[in-house]
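1. please work out how this folds:
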Amino acid sequence: MPERESPAGDAAFASTQWSIVLASRPDATDRPAALQSLCSAYWLPVYSYLRRRNFSPADAEDLTQGFFAYVIESDFLTRPDPARGRFRGYLVGALKHFLGQHFERALAQKRGGRVRFVDWSTLDAEREFAAADQPQLDPSEAYEKTWALTLLHRALQQLEAEQIAAGRQRVFTVLRAFLSATPTRGDYDAAALALGTSRTNVAVWVHRLNHRYAELVKLEVAATVRSPDDIAAEMQHLLQALRR
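-> From the prediction side, this is the model:
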């Protein structure tokens, strides 16, 4: 029986516009979960920007934490308007303002102080930063690239969760490499042998995984732009950021 593929049409895109931001506003009923989602989604682009600004790893962690405290405790989340554009640009603008106005207070806030919005104990910030960093990138370029990588990673996590729920974890584990690299001669044959299936099945499964992955990336992008009409341009921007 063919695998069922989930549609990702304009209606789905329209319902997710700025969803994380809107759900994080003070009057939102699911605010705690939304705040956690906001911080876990966007800490790496913020951290990368700070590291490329030559802040030490420890100071970048403190500033990232302080920035999210500023975002959440100030009126920042009551001000974003989906009609103004992309959340990617809005957030980095707020970060620059924060650095200009509030960084001394953030650095004075020691680890273990007030509520922590990013749990550094569960993260290897420098490893993730190093995996995405290129020395020639300026802070803004580092932010853009890690933003793109963050969206791809979130989409990949969702795809993996779907595959596990469908009882296809082994298939996904073997085939996930084909989502980010073009197979070379013999790769499909090796995968077919590992999965006890045919090369034709492997080709079909890879095609379906790539198709669903692309849908999930579009949904991640859709949540950060003002309308479905902006998705294509934003995805093109992210592809350019990844090529840097």
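2. right, and Tyr143 touches Val92 too?
-> Yes - applying CB atoms under 8 Å, one finds Tyr143 in contact with Val92, separated by 5.5 Å. Where C-beta positions appear, they are placed from N, C-alpha and C, glycine not excepted.
3. neighbour count winner among the two?
-> Comparing Tyr143 with Val92 by other CB atoms under 10 Å, the one with more neighbours is Tyr143, at 25 against 19.
4. now Phe55, nearest residue through space, not along the chain?
-> Spatial nearest neighbour of Phe55, excluding adjacent residues (CB to CB, 6 or more residues apart in numbering): Leu63 at 6.2 Å.
5. quick check: buried residues in the longest helix along the chain?
-> Among the segments of the chain that qualify as a helix by DSSP state H, the longest is helix 139-165. Neighbour-count burial for helix 139-165, with 16 or more other CB atoms under 10 Å as criterion, is recorded at 139, 141-156, 158-159, 163.
6. give the other helices and strands that that helix contacts.
-> In terms of contacts (3 or more CB pairs under 8 Å, 6 or more residues apart in numbering; DSSP states H and E), helix 139-165 is packed against helix 31-52, helix 87-101, helix 125-132, helix 169-175, helix 199-222, helix 231-242.
7. just tell me which of the ones you listed ends up closest to Gly186.
-> Minimum separation from Gly186 across those (CB to CB) falls at helix 199-222, 10.0 Å.
8. buried residues, the closest one. List them.
-> By 16+ other CB under 10 Å, the buried positions in helix 199-222 come out as 202, 205-206, 209, 212-213, 215-222.
9. quick one: which of those is nearest Arg51?
-> Glu220 (23.3 Å).
10. out of the helices and strands packed on helix 139-165, which comes closest to Asp75?
-> Nearest to Asp75, of all the helices and strands packed on helix 139-165, is helix 87-101, at 11.2 Å by CB to CB.
11. gap between the closest one and the chain center?
-> The chain centroid and the centroid of helix 87-101 are separated by 17 Å under CA atoms, centre = their mean, to the nearest Å.
12. mind checking which helix or strand of this structure has the lowest mean pLDDT?
-> Least confident element among the helices and strands of the chain, by mean pLDDT, DSSP states H and E: helix 10-15 (a mean of 37).
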